[in-house]
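Student: Next comes the sequence, and after it the predicted model I'd like to discuss.
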Amino acid sequence: MARYILKRFSLMIVTLFIIITATFFLIHSLPGSPLQNAEKLTPELQAQILAQYGLDQPIHIQYFKYLGGLVQGDLGTSIANGQSVTGLLMNGFSASVFIGAQGLILGIVIGLILGVLAALKRNTWIDSFATGTSIIGVSVPSFVLAATLSYFIGVELGWLPANLWGTYEHTILPSIALSFPVVAQISRYVRTEMVEVLEQDYMRTAKAKGISRLAITVKHALRNALIPAVTVMGPLAAGIITGSLVVESIFAVPGMGKIFVDSITSKDYTMVMGSTIFYSVLIISALFIVDLLYGIIDPRIRISGAKE
Amino acid sequence: MSTEKTYTPELFEPIGQLEKRAEQLNRKQVGVWKDAWLRFRQNKGALIGVALLLVIGLLAIFGPLMNDHNWETQNLAIKNQSANIDGHYMGTDHFGRDLWQRVWYGAKISLEIAFLAVFLDVVIGVTIGGISGYFGGRIDMFIQRFIEVIYSIPNLIIIIMLLMWMEPGILAIAIAIALTGWVPMSRIVRAQILKLRSQEYVLAARTLGASHKRILLKHLIPNVMGPIIIAVTFSIPSAIFFEAFLSFIGLGIRPPEASLGLLISEGNQILQLFPHVLLWPALVLSVLMLAFNLVGDGLRDALDPRMKK
Amino acid sequence: MSKILEVRDLHVSFHTYSGEVKAVRGVSFDVEKGQTLAIVGESGCGKSVTSQAIMKLILTPPGEYKHGEVLYNGKDLVKMSEKEMEQVRGKEIAMIFQDPMTSLNPTMTVGKQIMEGIIKHQKLSKAEAKEKAIEMLKLVGIPSPESRFTQYPHQFSGGMRQRAMIAIALSCNPNVLIADEPTTALDVTIQAQIMDLMKDLQERLGTSIILITHDLGVVAETADRVAVMYAGKVVESGTINEIFAEPRHPYTWGLMNSMPKLNQDRSEELSPIPGAPPDLLAPPKGCAFAARCKYAMKICQEVDPELIEHSKDHRVACWLEHPMAEAYRREVVEGRQSV
Amino acid sequence: MKKRKLVPFLAITLVASLGVTACSFGGGAKDDKDTLVIASRSEPKELDTAKTTDGPSGIVTANVQEGLYRHAKDGKSVEPALVDGEPQVSADKLTYTFKIRDAKWSDGKPVRAQDFEFAWKRTLTPETAAEYAMILWDLKNGRAFNEKKTAKVEDVGVKALDDKTLEVKLEKPLPYLKNLLAFPMYLPQREDIVKQYGKDFAKNAKANVYNGPYKLVDWKQKQSLTLEKNENYWDAATVKTKKIEIKVMTDASAAINAYTTGQVQVANVGGDFIQKYKDDKEAVAIKEPTSAMMIMNQKNKFLANTKVRQALQLAFDSKEYQQGVLQDKSTAAGGLVPGNVKGNGKDLEKLFRESAPAEPKFDVTEAKRLLAEGLKELGMDKAPELELIGDDTTSAKRHGEYVKDSFKKNLGVDVKISSLPFQQRRDRTTNGQFDLVAFLWQGDYNDAMSYLDLFVTGGPFNYAKWSNKEYDALIKKAQENKSGDSQERLDAMIQAEKILLDEAVIIPEYYRTMTYLVKPTVKDMVFSSEGFGEELSFKWVQKK
């Protein structure tokens, strides 16, 4: 186990290194200058500012300097506003991760319940309801949903804050908006898997032992139905990152999404690098966790790297 | 023998074995595709999906012929009309342009982008997945590491950079979507091929000296068609979705052109004032997604009975 | 001897895309205490459905109990609620399934799977249940049961898994054990071991067994009574001697012929029954076997024969048994013997 | 025996993630009398007053720092702040001597004349790389020092004669000096604090000291800023509201939703909400010193023709654009200089446009005629397609859509819209890679010259690459103003603008107006239309 984790970890580092290198050269090759107000700057001043950020040096020197800083945990300072990239990321991070994690967990829990109920009560109204929810969940774009939630529940009904950040109530609507596609995906997967698992021979074995339906569902069916659902969690977590971009903007959540897109379009090199590394680490770790979960849920998969 | 019925003796005449008829009585052997079609036909949801797709497809083509307006002419005097006046079936937008025209024009553009993106997905995904799965070993190892890297870069950064390089248009957006969209396709193809590779008929073909290309084209590809078709029907709505997302954050199609995502983005800005501008394109987009998902579900159930509900 | 289980005119159907499949169409048989009843037939003849129907393991929908009763010690199981059934399953009637690969939960340790039933029915504490489970593993002949207890099914071999299945089934001393093709998925050498184990345990525990199989060899060795099923019906039933010594239904003849005999000539070929069973979506009007039957008569296509009592225990459903076919029957029997 | 439990695992993940962020909730914004919450469109970029350039930063600095003069309660004029009485002015109007009043920084130390000298010189020091250093170029040798030319730091025309006396020397007489002195670049800074924090100076609330009505106590990036009343402020008795919270809300509907649900009491109305709220009784319109126009690139042979340019100018209906597309309280423009900018003629308070009215012109028939003539002169039968470049913001895209449709409809000229990210748009503008560019100009100081000097030959912002000797001469005359007669200066500027418009160098569009929503409970909130973007002053604000 420890060896496996170590091996995975070193692979993660290599992957990350490739990503950093690729992104670094890509972003530096984009047309345009990273200076914000260059319009009113004299060429001397522009050169001065570029020199301050070390941007006047040859690209490969910049690259090695950046790597050097990175090894020491220094992500540099944002060119757009001179703040430390780490500080800005940590700021956006807590909000994004909070609504992201809450949305993901909410989505998984509701998705599981819906999926299981639909599979157990096949071809009843519960099933239709769950199928309907999941179809709507994948069919309605998250931004339409988010705007609608903010307007109707936040403004018209006034049940919850329409947007902004501050108290726990503020996190509810964004999390719900984020959870919707998760509910849809998870409930679909779990239902399909559950239906299949319920028809498995070992379910019959369990039933033949005289165990109650609830115990069969929880102890035997759920765990097995979860295995494939776990596989989609990696992509889902990545999807939440994309989704959060729009949701954060609509609900005025001070998260990562806006920082990220802004930094790319404004060519804030250090910020782009910082957020790319951040997101990549997030995705890679999500995939890693999914693999670990896989092993925990399914004993047949030995975590020795011999999985295929 | 309580109920003694009367039988005539001729009923007890032997007729012998009807073996041939017995064979006939056997259920007809149905081909995989025909069988899938039969199953698909039974799926009400899938049929509704097909019908919806047909309706939207026809409207995207012929809808613009149904009134006397066009998608780009502005008339600020009648902007943001929600009522159906003067043939503006869906009202007008913030420039007084006809929404009916714009919605169907936008649907057409969205579909074009989605089809193009998915086509590229399939080409890239099948090629890479096929090579990876078929040759295995080092090549597979290398490609899989490569995919892992691609998968771990936030796809937005690739897409945004690409769109800063290329003139944003149908092709650029389709490429941007396909650039990261081929990964799941290649995984499916690879997994299928890995499974099939070890099977006997491929082995047989190999022993008979068939070339790699021939084996791939004649034996393997036809067998992975099912999963590819299923993946395609699910890729199309996600491509539509992604285009809408890009347009929503201002990176997709540029106004005054229209796509469903762009129309929704425009509508969202005036949601609280003129909800109809958001409502119509959002509705068409949702129905389109719904239809593709229904058809996808139906196809999956039909082509992959293991997944049957 | 007393009957512990009586099945009376059981009808079970499945609702599918294509229509109603009448899988079991009026099956009746009895099981005596401490005895073994074998149900024989080709695959798809409804024997597995019947066995599962006894324990009400058929999922409804798509399944449906159309008619009939299953009397266990005089109580009708068909009418019982799920809650009441939970007290029957495992405790009174237990079951072993055909494929030990898929019949064990892959994500739960074998020990836990055995303990589950014990905890439920014998109201033991976890520690006691574990002790009992290890004892059961020992009983079914699994070496070093303590370490096997914490292993997962995929760490077991096929024969071991079936032993574990038997341990699960017998852990609560059931009165009836239904074994649905318990050896089909196993190697020949393992098959014999498992059958021996079952016989041995039956003697020690006094369990009644319903053995579902298509293997007449197994039947001959273990069963007291036999019921032959075809297309959802019992076509012939009787004691083991009656069925093997004097089979009366053409289908039973077919089954016998397709089985290798010790005294058979090497030159003589096994003769399988030609054709395939009918489509139970639309069962034929007459005898279901008529189309494949060498000796079919006109009436066979028109009217379905009823089960006729030939002797006290021996019943047959065939028009050849009808008085009006007396002459033809004799001709047929002579013909068979002369071959 | 290994225990493998999924549920506890998930639970731990949840608890952990909740725990990480639980501390980030500092309790809700209560709607109490002492706290005013306002929504800001974007986050302050730079609170170091030597370097700040953006509106949101301006709002903060204007309330936490104070210079010699500040914007008055009427929102238009400036009033003395840290200056004690009127300055002594030399006869040539080139040397001013200011007395500094008794005032303290938030750490209790007195505000000294040296703080001004330090701050201004720091801004001009090339190594500081202050983007707006040119605001200080009017100081004697300011430009020369800033551009690393002849002058040294001691040559710069600012000097603390003692703790309380500041001597300021100018390059040329400045009728609008007091306005200039209210700008962030003229605020004082403490040398010890700047040195102490070095790179981190003003990067967080703790890394600075404050001498204004408020002090910055908390700054959560991309989220919020908290200002608290500064008890050390010399005029603290006037300050009524104890706490100001500035919430960063980039999404227009987010700000409006927050306002309508009462989470914020002051919000900027953006996007399409302007239609709903512009005439609301809670709406306050703030004219900005911003002029919007399109510039035609005269390197393009087609656009080098004056008649063609005149045709395009006449084919753009700025009134319809303002009413139908902008839909806000902006003014349709007929000229370059916005209506609220001063002319600084004889009457110092008189606005430029009052002396030189310029009505928007729109005439399709005349435009068509001019285009036909122009094409004939050029020997072309058809107008080429023109590329309009603009930002990729919603409003810029809409502008493009409108222009495309207008020119097509009115002149049959095809326009291709290129919506570009800010940097790209700017690079292409600077390099002249465009035919038409949407251009917004906000004056650097309250005088028409801040607009008119854009278009002199070779000027860095003369994107049109237009060159007119007469225009250049007029601008030079006004800038030098040798006679010292301010009316003559104004007349030269009026004449210059007329040439600019007649030659159709630009297509005037509108003078921008911002709209704020202010809850009726908020009294004496001051909006000033000068400086970098709209400024809000909380000095006098009260909440009922």
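Tutor: Received it, and whenever you're ready, just let me know what you need. Numbering: from 1, shown residues only, chains lettered A, B, ... in the order given.
Student: Within range of chain A, give me the residues from the stretch 251-400 of chain D.
Tutor: Selection of the stretch 251-400 of chain D residues close to chain A by C-beta under 8 Å from any C-beta of the partner chain yields D:251, D:253-255, D:257-258, D:260-261, D:263-264, D:392. Just so you know, the C-beta spots here come from the backbone N, C-alpha and C atoms, and that holds for glycine as well.
Student: cool, chain B as well?
Tutor: By the rule C-beta under 8 Å from any C-beta, the part of chain B lying against chain A is B:145, B:148-149, B:151-157, B:160-161, B:164-165, B:194, B:237, B:241, B:244-245, B:248-249, B:261, B:264-265, B:268, B:271-272, B:278, B:282, B:285-287, B:289-290, B:293-294, B:306-307, B:309.
Student: Cross those against helices and list the overlap.
Tutor: Using DSSP state H, the members of those that fall in helices are B:145, B:148-149, B:151-152, B:155-157, B:160-161, B:164-165, B:194, B:237, B:241, B:244-245, B:248, B:261, B:264-265, B:268, B:278, B:282, B:285-287, B:289-290, B:293-294.
Student: buried subset of these?
Tutor: By neighbour count, with 16 or more other C-beta atoms under 10 Å in any protein chain shown, these hold B:148-149, B:151-152, B:155-157, B:160-161, B:164, B:194, B:237, B:241, B:244-245, B:248, B:261, B:264-265, B:268, B:278, B:282, B:285-287, B:289-290, B:293-294 as buried.
Student: Just name the shakiest helix or strand of the chain by mean pLDDT.
Tutor: The chain I'm using is chain A. helix A:43-52 (a mean of 70; mean pLDDT, DSSP states H and E).
Student: got it, and chain B?
Tutor: helix B:19-25 (a mean of 46).
Student: do whichever helix or strand comes after that helix and chain C meet at all?
Tutor: For helix B:19-25, the following helix or strand on the C-terminal side (DSSP states H and E) is helix B:32-42. Yes - counting by C-beta under 8 Å from any C-beta, chain C has neighbours in helix B:32-42: B:39, B:42.
Student: picking that back up, which of the ones in helices among the residues of chain B next to chain A come close to chain D?
Tutor: When contact is defined as C-beta under 8 Å from any C-beta, these meet chain D at B:164, B:268.
Student: circling back: remind me what the first helix or strand past the least confident helix or strand of chain A going along the chain packs against, helices and strands.
Tutor: With elements assigned by DSSP H and E, the helix or strand that comes after helix A:43-52 is helix A:59-71. Secondary-structure packing of helix A:59-71 (3 or more C-beta pairs under 8 Å, 6 or more residues apart in numbering or on different chains; DSSP states H and E): helix A:2-28.
Student: Give me the buried positions along the helix it packs on.
Tutor: Quick answer for helix A:2-28 (16+ other C-beta under 10 Å): A:4, A:8, A:12, A:15-16, A:18-20, A:22-24, A:26-28.
Student: Next, the contact list for residue 48, please.
Tutor: No chain was given, so I picked chain A. Going by C-beta atoms under 8 Å, 6 or more residues apart in numbering or on different chains, residue A:48 touches D:126-127, D:129.
Student: not quite, I wanted chain D
Tutor: D:201-202.
Student: distance of it from residue D:181?
Tutor: 19 Å (C-beta to C-beta, to the nearest Å).
Student: now swap in residue D:278 and tell me
Tutor: According to C-beta to C-beta, residue D:278 and residue D:181 sit 34 Å apart.
Student: Just give the closest residue to residue A:219, not the sequence neighbours.
Tutor: residue C:108 (7.3 Å; C-beta to C-beta, 6 or more residues apart in numbering or on different chains).
Student: from the stretch 1-150 of chain B, which residue is nearest to chain D?
Tutor: In the stretch 1-150 of chain B, no residue comes nearer to chain D than residue B:76, which is 3.4 Å away by C-beta to the nearest C-beta.
Student: and what of chain C?
Tutor: Relative to chain D, the nearest point of chain C is residue C:150 (5.9 Å; C-beta to the nearest C-beta).
Student: Which elements pack onto the host helix or strand of residue A:185?
Tutor: Assigned by DSSP H and E, residue A:185 belongs to helix A:169-198. With contacts taken as 3+ C-beta pairs under 8 Å, 6+ apart, helix A:169-198 sits against helix A:85-120, helix A:125-139, helix A:142-149, helix A:223-250.
Student: Same question for it: list its buried residues.
Tutor: So helix A:169-198, judged by 16+ other C-beta under 10 Å, has buried residues A:170-198.
Student: Quick one: mean pLDDT over that helix.
Tutor: Mean per-residue pLDDT for helix A:169-198: 81.
Student: and the angle from that helix to helix A:125-139?
Tutor: Counting by axes from the mean of the first three to the mean of the last three C-alpha atoms, to 10 degrees, helix A:169-198 points 120 degrees away from the direction of helix A:125-139.
Student: from the chain's centre, how far out does helix A:169-198 sit?
Tutor: Relative to the centre of its chain, helix A:169-198 is centred 14 Å away, using C-alpha atoms, centre = their mean, to the nearest Å.
Student: Contact residues of the stretch 101-250 of chain A facing chain C?
Tutor: So the stretch 101-250 of chain A meets chain C at A:122-123, A:198-202, A:204-213, A:215, A:219-220, A:223-224, A:227 (C-beta under 8 Å from any C-beta).
Student: Narrow those residues to those that are buried.
Tutor: A:122, A:198, A:200-202, A:204-211, A:219-220, A:223-224, A:227.
Student: Return the subset of these lying in helices.
Tutor: Filtering those for helices - DSSP H - leaves A:198, A:201-202, A:204-208, A:223-224, A:227.
Student: And the furthest pair within the residues you listed?
Tutor: For those, the maximum inter-member distance is 23.2 Å, found between A:208 and A:227 (C-beta to C-beta).
Student: residues from chain C in reach of chain B?
Tutor: Counting by C-beta under 8 Å from any C-beta, the residues of chain C close to chain B are C:17, C:274-276, C:278-279, C:290-299, C:301-302, C:308, C:319, C:322, C:324-325, C:328.
Student: Identify the residues contacting the spatially closest residue to residue D:184 that is not a sequence neighbour.
Tutor: Using C-beta to C-beta, 6+ apart and skipping the chain neighbours, the partner closest in space to residue D:184 is residue D:49 (4.4 Å). Applying C-beta under 8 Å, 6+ apart to residue D:49 gives the contacts D:61, D:65, D:119, D:184-185, D:187, D:189, D:202.
Student: contacts for the host helix or strand of residue C:131?
Tutor: Element membership for residue C:131, per DSSP H and E: helix C:126-139. By C-beta under 8 Å, 6+ apart, the surrounding residues in contact with helix C:126-139 are C:110-111, C:114-115, C:118-119, C:122, C:124, C:145-146, C:148-149, C:163-164, C:167-168, C:170-171, C:201.
Student: pLDDT weak spots in the chain?
Tutor: Defaulting to chain A. Applying pLDDT under 70 to chain A flags the ranges A:1, A:31-45, A:80-82, A:155, A:158, A:161-167, A:241-242, A:265, A:300-308.
Student: other chain: chain D
Tutor: By pLDDT under 70, the weakly predicted segments of chain D are D:1-31, D:423, D:529-534.
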